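A.B. asks: The amino acid sequence is not available; the structure is as follows:
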């Protein structure tokens, strides 16, 4: 079974929450690990770890100061799911012999399918690159129309 780690799942949740009120820097809303933990229900140490990994990958940036925290570095529609996965879990691949890697498998010297997984891995990377953070983000709630607006529509 192909399954992403919990940290990657948490990273998507944290990023979508971070983007809720402001899509990207410099105008994006800055939030700290404590507030993000409260809003997502993810433990604060885990949120801090995720934010650190995302910052190292350049997906979020830290803002210093009394109202400091983190914000997105680019719009949600410009953040492919593949970038998030690589930031948290490393290279995307189904097998240990990733794109000609060596030393990861005791049977690599006699393996009849060595190198044959590369097209499969590439197809998965392409598919995950085609899905953005914006695709995964919950749709914004629509505000109910005012009675005056409803009346104007009825006329």
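C.D. replies: Okay, I see it. These figures come from a predicted structure and were not determined experimentally.

A.B. asks: For the rest of this, base every contact and every neighbour count on C-alpha atoms.
C.D. replies: Noted.

A.B. asks: Check which helix or strand the closest residue to residue 128 other than its chain neighbours maps to.
C.D. replies: For residue 128, ignoring the flanking residues on the chain, the nearest one in space by C-alpha to C-alpha, 6 or more residues apart in numbering is residue 82 at 5.1 Å. Using DSSP states H and E, residue 82 sits in helix 81-89.

A.B. asks: can you list contacts of that helix?
C.D. replies: Outside of helix 81-89, the residues within contact range by C-alpha atoms under 8 Å, 6 or more residues apart in numbering are 4-5, 7-8, 11-12, 50, 53-54, 56-57, 59, 91-92, 125, 128-133.

A.B. asks: And the helices in the chain, which stretches?
C.D. replies: Using DSSP state H, the helices of the chain run over 6-18, 33-40, 44-56, 81-89, 118-129, 133-136, 147-154.

A.B. asks: Next, format those as CSV and append mean pLDDT, distance to residue 67 and mean neighbour count.
C.D. replies: Output for those, formatted as CSV (pLDDT from 0 to 100; distance: least, C-alpha to C-alpha, whole Å; neighbours: other C-alpha atoms under 10 Å):
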stretch, mean pLDDT, distance to residue 67, mean neighbour count
helix 6-18, 95, 15, 19
helix 33-40, 94, 12, 16
helix 44-56, 97, 16, 18
helix 81-89, 96, 26, 20
helix 118-129, 90, 33, 15
helix 133-136, 91, 25, 17
helix 147-154, 54, 38, 9
